[in-house]
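Enquirer: Got a predicted structure plus its sequence, pasted below:
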Amino acid sequence: MTNHSEPLQPLKVIPLGGLGEIGLNMMVVEYGETIFLIDAGLMFPEDDMLGIDIVIPDFSYLQQNRQRVRALVVTHGHEDHIGAIPFLLREFQLPIYATPLTLALIREKLKEHGLLSRSELIQVLPGEEVSIGPFGVEFIRVCHSIPDGVGLAIRTPVGVLVHSGDFKIDTTPIDARRFDVARFGAYGEKGVLALFSDSTNVERPGYTLSEKDVGQTLRSIFQECSGRIIVAVFASNLHRIQQVIWLARQFKRKVLLNGRSMVINVRIGRELGYLDFPPEEELTLQDLARLPDAEVLMLTTGSQGEPMSALTRMAFDDHKKLKVQEGDTIVFSSKFIPGNERTIQNIINHLYRHGAEVIHEQVRDIHVSGHAYREELKAMISLIKPRFFIPVHGEYRHLVKHRQLAIDMGMSQENCLLAEDGATLLFSPEGARLGARVATGRVLVDGKGVGDVEGLVLRDRRHLSEDGLVIVSLVIDKETKEILSGPDILSKGFIQEETKPEILDSAKCVVFEILDRLLEQDFEVDCSLLQGEIQRELKRFFNRVLYRRPVIYALVVDI
């Protein structure tokens with residue numbers, strides 16, 4: 001730890017993602033020559049990010065301070081907190097501190113990326129503390145929609161910071177591992193400089209329902225169904241998966257695991273003792289045909305309508321080994337994430353076409369949130385009694401409302417700081433303030449390309465998707481200036497040649513007119529200039545005739 005006889009330096013906290021958005025969670029904690037990171041998450045692409053696979057935080061600030069970045073501390077195993085770790089470890093050699101399940105999920109991810117052999121993974125249990133330079137970081141158990149979630153108490157030379165992690169206060173958790181009220185309260189009694197608290201559900205009044213409440217709804221579904229039951233759930237939600245497995249046991253159904261991430265996560269859960277699921281209760285594809293429908297339970301991925309997920313392929317008859325059949329009951333045991341509703345509804349319609357019955361959150365209570373509601377957020381503030389309050393993990397409106405909640409509870413406006421990605425929060429014995437912003441943003445990952453797709457490329461993709469493409473090819477004799485081949489015009493996503501051949505014929509005439517005009521001027525053949533002229537004239541022509549603006553690509557070759 002730092003020698004406190006030395007003058008104190010400012011403590012810096014810089015969010016690189018997760019403030020003003022859902023996902024992309026990453027935070028820098030910095031004092032003197034030491035930086036450590038809290039989480040390194042991804043975000044899934046928005047609708048206008050055509051062709052993009054995932055989005056990760058911008059590491060520019062870390063690259064500028066490479067020699068000072070010492071460690072990564074992870075709060076839990078959801079993708080919006082661990083998904084960017086492989087990309088981070090390609091650039092930085094860092095030890096990673098996490099709880100057992102979180103570490104196991106990270107290990108699988110690093111194995112896929114070929115990074116496991118050069119990674120330092122350090123297991124920490126709730127209640128334990130690690131030292132990182134001048135920092136002491138204690139892991140404190142919280143409840144969430146994945147086991148092994150933790151909040152963090154961070155001892156610094158300037159004071160104690162508390163980071164809530166993603167949390168809810170569940171008094172009856174499935175695994176009996178309760179939110180550690182006593183430990184959070186103990187820090188509150190000693191004095192906390194600043195609380196960084198999850199804002200996701202600040203708009204929801206009251207308390208989050210317990211995971212056990214979902215179990216009651218699922219039980220009633222099992223009692224009602226005589227055919228196969230197919231439950232679509234996040235593969236990371238081991239608590240939900242455990243409840244389904246227990247119900248399958250009670251109602252004498254065998255369990256088939258469907259989907260790669262489901263198989264992997266259940267295996268990890270078994271190995272670590274988080275799932276009570278004996279091998280004899282698991283059903284294989286070979287066994288499926290011989291069992292009556294009333295004895296089959298399927299746990300599958302695809303609760304958000306992911307295009308390549310097992311349930312989506314089943315819905316569209318694209319699964320090689322599994323089919324949806326009449327009499328099946330399909331349960332979407334998750335919340336419809338905003339933006340996914342239309343896709344999920346389309347899948348539900350296809351499932352009904354197969355004769356299945358579909359149950360989802362809009363018709364039954366088959367999901368509870370993993371994020372605290374307003375009364376739990378109040379309880380966290382009351383427990384910690386921080387000098388300063390900073391809302392994190394949420395869209396901008398969530399941060400604003402969470403800040404207002406703290407003010408309504410008696411905190412001063414000056415001590416409730418509203419920060420977004422890139423803001424520098426400076427803490428000293430004199431107080432806290434916002435400093436200069438640092439470079440931050442979103443890095444787009446497309447296949448193996450990281451950051452090589454930016455605004456201009458996305459704009460071109462949107463243009464192509466909305467207006468189509470017209471390709472013009474032409475071969476000219478350089479000496480005689482005669483046309484040796486073409487002009488040939490190919491339309492993709494613009495118009496069908498069969499339906500409106502006269503349009504493309506007229507476009508060819510436009511090209512001939514350009515060449516005739518240039519011949520009258522006795523021009524020198526310059527392919528690039530000729531290509532530009534063709535593109536400009538055809539753009540005007542299509543806009544005049546059809547009020548459309550396709551992407552036009554002209555290829556002129558001189559021989």
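Expert: On my side now, so go ahead.

Enquirer: domains in this protein, as residue ranges please.
Expert: For the chain, automatic domain parsing gives the domain ranges 11-206+369-450, 212-359, 468-558.

Enquirer: any idea whether Lys401 is helix, strand or coil?
Expert: When classified by DSSP: H, G, I helix; E, B strand; the rest coil, Lys401 comes out as helix.

Enquirer: circling back to that earlier point, adding mean neighbour count and mean pLDDT, write the domains of the chain out as CSV.
Expert: C-betas here are computed from N, CA, C, even on glycine. CSV is the format used below for the domains of the chain (neighbours: other CB atoms under 10 Å; pLDDT from 0 to 100):
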stretch, mean neighbour count, mean pLDDT
domain 11-206+369-450, 20, 94
domain 212-359, 18, 92
domain 468-558, 15, 80
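
Enquirer: Please enumerate the helices of the stretch 101-250 of the chain.
Expert: Assigned by DSSP state H, counting those that start in this stretch, the stretch 101-250 of the chain shows helices spanning 181-190, 211-224, 238-250.

Enquirer: could you say what helices and strands the first one packs with?
Expert: In terms of contacts (3 or more CB pairs under 8 Å, 6 or more residues apart in numbering; DSSP states H and E), helix 181-190 is packed against strand 135-141, strand 150-155, strand 160-163, helix 374-384.

Enquirer: Parallel or antiparallel, list what pairs with the first one.
Expert: Okay, so that is strand 135-141. Strand partners for strand 135-141, identified by DSSP bridges, are recorded as strand 129-132 (antiparallel), strand 150-155 (antiparallel).

Enquirer: Output that strand as PDB, nothing but the C-alphas.
Expert: Taking Å, rounded to 0.1, in the frame of the first residue of the first chain, the C-alpha atoms of strand 135-141 are listed here in PDB:
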ATOM      1  CA  PHE A 135      -5.400  -0.700  -3.800                       C
ATOM      2  CA  GLY A 136      -7.100  -3.300  -1.700                       C
ATOM      3  CA  VAL A 137     -10.100  -4.900  -3.500                       C
ATOM      4  CA  GLU A 138     -12.600  -6.900  -1.500                       C
ATOM      5  CA  PHE A 139     -15.200  -9.100  -3.300                       C
ATOM      6  CA  ILE A 140     -18.700  -8.900  -1.700                       C
ATOM      7  CA  ARG A 141     -21.400 -11.300  -2.600                       C
END
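
Enquirer: what residues does that strand touch?
Expert: With contact meaning CB atoms under 8 Å, 6 or more residues apart in numbering, strand 135-141 is reached by 1, 29, 31, 34, 36, 73, 97, 99, 124-131, 149-156, 177-180, 183-184.

Enquirer: so which of the helices and strands packed on helix 181-190 comes closest to Gln63?
Expert: Set against Gln63 and scored by CB to CB, the helices and strands packed on helix 181-190 come closest in strand 135-141, at 21.5 Å.

Enquirer: Just give me how far the closest one sits from the chain centre.
Expert: In terms of CA atoms, centre = their mean, to the nearest Å, the centre of strand 135-141 is set 25 Å apart from its chain centre.

Enquirer: can you check stretch 373-391 too?
Expert: On CA atoms, centre = their mean, the centre of stretch 373-391 falls 26 Å from the chain's centre.

Enquirer: what's the answer for stretch 127-144, then?
Expert: With CA atoms, centre = their mean, you get 25 Å for stretch 127-144.

Enquirer: cool, stretch 245-264 as well?
Expert: 26 Å.

Enquirer: One more: stretch 56-71?
Expert: On CA atoms, centre = their mean, the centre of stretch 56-71 falls 21 Å from that of its chain.

Enquirer: And for stretch 240-253?
Expert: On CA atoms, centre = their mean, the centre of stretch 240-253 falls 29 Å from that of its chain.

Enquirer: Kindly check the end-to-end length of stretch 113-126 for me.
Expert: End-to-end span of stretch 113-126 (CA to CA, to the nearest Å): 28 Å.

Enquirer: follow-up on the earlier one: closest to Ser485 out of the helices of the stretch 101-250 of the chain?
Expert: That would be helix 238-250 among the helices of the stretch 101-250 of the chain, by CB to CB, at 62.5 Å.

Enquirer: what residues does the closest one touch?
Expert: With CB under 8 Å, 6+ apart as the test, helix 238-250 has contacts from 101, 145-147, 173-175, 211-212, 214-215, 218-219, 222, 231, 233-235, 254-255, 265-266, 269, 274-277, 281, 297, 299, 333.

Enquirer: so what's Tyr553 up against?
Expert: Going by CB under 8 Å, 6+ apart, Tyr553 touches Leu469, Val470, Ile471, Val472, Gln535.

Enquirer: got TSV for the helices of the stretch 101-250 of the chain, with distance to Gln404 too?
Expert: Listed next are the helices of the stretch 101-250 of the chain as TSV, based on distance: least, CB to CB, whole Å:
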stretch	distance to Gln404
helix 181-190	21
helix 211-224	29
helix 238-250	32
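
Enquirer: Leu116 is nearest to which of these?
Expert: Closest approach to Leu116 among these is made by helix 238-250 (22.2 Å; CB to CB).
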